[in-house]
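Chemist: generate coordinates for the sequence data below:
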Amino acid sequence: MIKGGHGQTDLGHKHTTELQDNQDIQHAHENTYILPSQLCEPENRNAIVNALQDHNALIPKQFLECYYSYQNSHQRRYLRQINFLAQLSFLSYFFADWFLLPDIAYISGVTRVSAVLSIMLLNWAMFKYCKNILTLDLLLPLSSAFAASVWFWLLHQSSSPSVHYYQYASVIFILLGCLSIQVRFRPSILTALLISVVIVAGVIQMNSAQQTIIFLLVYIPILIFSLYISWNNALNARRTFLRSMLDEWDRHMLRELAHTDELTQLNNRRQFELIAEQKIHQWPQYQSICLLMFDVDFFKRINDNYGHDIGDQVLQKIAEIARKEMRRDDVLARFGGEEFVALLPETSIDDAMMIAGRLRQKIESTTVCISNTIKLNFTISIGVSQLDPDEIDLHLLIKEADVALYRAKQNGRNQVVSFDPLPNEV
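Modeler: Sure, this is the predicted structure:
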């Protein structure tokens, strides 16, 4: 048991250290996606590792929503920028039209400006109100198909001899359409097919069969290369996400190891002191805060007679029962060895005694099976203290609970004793 407490200076130093640790963790997370706690399971880490080892880096189903959220936060700005640049590029071809297709310069200017303004307005609305990254990922490919149809409509309006070699500039649409795909590869195949249908249909209407074949000999390698770019974009996006999740999972486990007792999965002493210190300073003074300190009666005898593995089972059983008995705002921890502690906010001393009594009775009626014929019963002793509103000191609160626990041991164990500043036994 604890026979004293650390000074306020030590607690303040530890509190400052914890705050600095939390700031470091927050800084490390500024550019990463936080892994949902429900996915922090060993089998999910294995799924991430297996996906990274797979050539296609397919995202496991349980991580798909995380993947889309991750891409929405990381790719949204890029998609907005490349859509804007693509519209400017389409508009800038007006100057080429002016020199190469002077007979339709006016029509080209009006048509291109109208098309660009319409698409930019649509993009503004989509990026402002649409949260679905899959939809945003398809904006540029679909607008490229529309722009390609406008392009060939303009070419059909011109009688300039430059049309036949100016049509080769239309390959820019398939490059832009595939370059923008970042999240999923399969839609890029469909949108590339759509853009290709528009381009090839326009080329067929303007050229002879021989000229069309020559165009296709130029266009098909560019199409294949564009799809390869799209595939690599999607593959790299998946791998980046999976690596980020793996790093986040490992960081999560490091935080758990730093804050959690490995045997019981409760808060460890360091984490308890951090949380409890915050709690007692946040709660209004008119509300009572109590603390329970309890440990196993004759725990050394259990270890000596049955072995440390049985002793570990006893501690795990106590942690399991105590976790069920505590309320949502209570702070439960393994304080060290066979000793546990629980902070009970908004709890009067009478209610704390009732909770402690119920916990003692539950554990008294619990057994640990040693063999088919041997079952071990065990008990705990509990000390209860109440925070003095005029002296908000966590370690004083802990020390008083420890004194009460010591008196419970002296009085015969398997009982609950509240702290009394007078040397009277309760």
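Chemist: helices or strands up against the one helix or strand Y70 maps to?
Modeler: Element membership of Y70 [criterion: DSSP states H and E] is helix 64-100. Contact analysis of helix 64-100 by 3 or more Cβ pairs under 8 Å, 6 or more residues apart in numbering; DSSP states H and E lists helix 105-129, helix 133-137, helix 139-157, helix 171-179, helix 209-259 as its packing neighbours. In this view, the C-beta of every residue, glycine as well, is placed from N, C-alpha and C.
Chemist: quick check: angle from the last one to helix 171-179?
Modeler: For helix 209-259 against helix 171-179, the angle between stretch directions is 20 degrees (axes from the mean of the first three to the mean of the last three Cα atoms, to 10 degrees).
Chemist: show me the protein divided up by domain.
Modeler: If you go by automatic domain parsing, the domain ranges for the chain are 53-245, 269-418.
Chemist: mean pLDDT and distance to E43 for these - can I get that in TSV?
Modeler: Converted to TSV, the domains of the chain look like this (pLDDT from 0 to 100; distance: least, Cβ to Cβ, whole Å):
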stretch	mean pLDDT	distance to E43
domain 53-245	90	9
domain 269-418	91	22
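Chemist: how about a markdown table for these, with mean neighbour count and distance to L263 added?
Modeler: Putting the domains of the chain into a markdown table (neighbours: other Cβ atoms under 10 Å; distance: least, Cβ to Cβ, whole Å) gives the following:
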| stretch | mean neighbour count | distance to L263 |
| --- | --- | --- |
| domain 53-245 | 17 | 28 |
| domain 269-418 | 18 | 6 |
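Chemist: need the ones you listed in TSV (columns: distance to H259).
Modeler: Output for the domains of the chain, formatted as TSV (distance: least, Cβ to Cβ, whole Å):
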stretch	distance to H259
domain 53-245	21
domain 269-418	4
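Chemist: the helices and strands packed on helix 64-100: which one's closest to N268?
Modeler: helix 209-259 (6.4 Å; Cβ to Cβ).
Chemist: hey, what's E339 bridged with?
Modeler: Beta-bridge pairing for E339 (DSSP bridges): D295, G336.
Chemist: which other helices and strands contact the helix or strand harbouring I382?
Modeler: Assessed by DSSP H and E, I382 sits inside strand 380-386. Other elements packing on strand 380-386 under the criterion 3+ Cβ pairs under 8 Å, 6+ apart are strand 290-296, helix 349-364, helix 394-410, strand 416-418.
Chemist: out of the helices and strands packed on helix 64-100, nearest to Y68?
Modeler: Among the helices and strands packed on helix 64-100, helix 133-137 sits nearest to Y68 (Cβ to Cβ), with 5.4 Å.
Chemist: tell me what that closest one is packed against?
Modeler: helix 64-100, helix 105-129.
Chemist: residues making contact with the shortest one?
Modeler: Taking Cβ atoms under 8 Å, 6 or more residues apart in numbering as the criterion, the residues outside helix 105-129 that touch it are 76, 79-80, 83-84, 87-88, 90-91, 93-94, 97-98, 101, 135-136, 139, 143, 146-147, 150, 153-154, 157.
Chemist: what angle do helix 139-157 and that helix make with each other?
Modeler: Using the same axes, to 10 degrees: helix 105-129 against helix 139-157 is 170 degrees.
Chemist: again, but for the longest one
Modeler: For helix 64-100 against helix 139-157, the angle between stretch directions is 20 degrees (the same axes, to 10 degrees).
Chemist: distance to G337 added to the helices and strands packed on helix 133-137, as TSV?
Modeler: TSV is the format used below for these (distance: least, Cβ to Cβ, whole Å):
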stretch	distance to G337
helix 64-100	40
helix 105-129	58
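Chemist: wait, which of those helices is closest to A237?
Modeler: helix 64-100 (6.4 Å).
Chemist: distance between that closest one and the chain's centre?
Modeler: Mean-position distance between helix 64-100 and its chain equals 28 Å (Cα atoms, centre = their mean, to the nearest Å).
Chemist: how about stretch 348-359?
Modeler: The answer for stretch 348-359 is 38 Å, by Cα atoms, centre = their mean.
Chemist: with stretch 267-287 instead?
Modeler: Using Cα atoms, centre = their mean, the offset of stretch 267-287 from its chain centre is 26 Å.
Chemist: try stretch 150-162
Modeler: Distance, centroid of stretch 150-162 to centroid of chain: 52 Å (Cα atoms, centre = their mean).
Chemist: ok, residues contacting it?
Modeler: By Cβ under 8 Å, 6+ apart, stretch 150-162 touches 93, 97, 100-104, 107-108, 111-112, 115, 163, 166-167, 170, 173, 198-199, 201-203, 205-206.
Chemist: stretch 281-291 now?
Modeler: 279-280, 341-349, 351-352, 384-387, 389, 392, 397-398, 400-401.
Chemist: same check on stretch 299-315?
Modeler: By Cβ under 8 Å, 6+ apart, stretch 299-315 touches L263, T264, V296, R334, G337, E338, V368, I370, L376, F378.
Chemist: so can I have CSV of those residues showing distance to V218?
Modeler: Formatted as CSV, the contacts of stretch 299-315 follow (distance: Cβ to Cβ, whole Å):
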residue, distance to V218
L263, 69
T264, 70
V296, 82
R334, 72
G337, 78
E338, 80
V368, 79
I370, 81
L376, 83
F378, 83
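Chemist: so the strand holding I382 versus strand 290-296, what angle?
Modeler: Using the same axes, to 10 degrees: strand 380-386 against strand 290-296 is 160 degrees.
Chemist: which stretch among the helices and strands packed on strand 380-386 comes nearest I214?
Modeler: Of all these, helix 394-410 comes closest under Cβ to Cβ, at 83.1 Å.
Chemist: what helices or strands is that closest one leaning on?
Modeler: helix 8-28, helix 269-282, strand 290-296, strand 380-386, strand 416-418.
Chemist: if you set the cut-off to 6 Å instead, what comes out?
Modeler: Under the contact criterion of 3 or more Cβ pairs under 6 Å, 6 or more residues apart in numbering; DSSP states H and E, helix 394-410 touches helix 269-282, strand 290-296, strand 380-386, strand 416-418.
Chemist: let's have those in a markdown table, adding distance to R186.
Modeler: A markdown table is the format used below for the helices and strands packed on helix 394-410 (distance: least, Cβ to Cβ, whole Å):
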| stretch | distance to R186 |
| --- | --- |
| helix 269-282 | 45 |
| strand 290-296 | 58 |
| strand 380-386 | 60 |
| strand 416-418 | 64 |
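Chemist: which one, of these, ends up nearest to Q316?
Modeler: Closest to Q316 of those is strand 290-296 (Cβ to Cβ; 11.6 Å).
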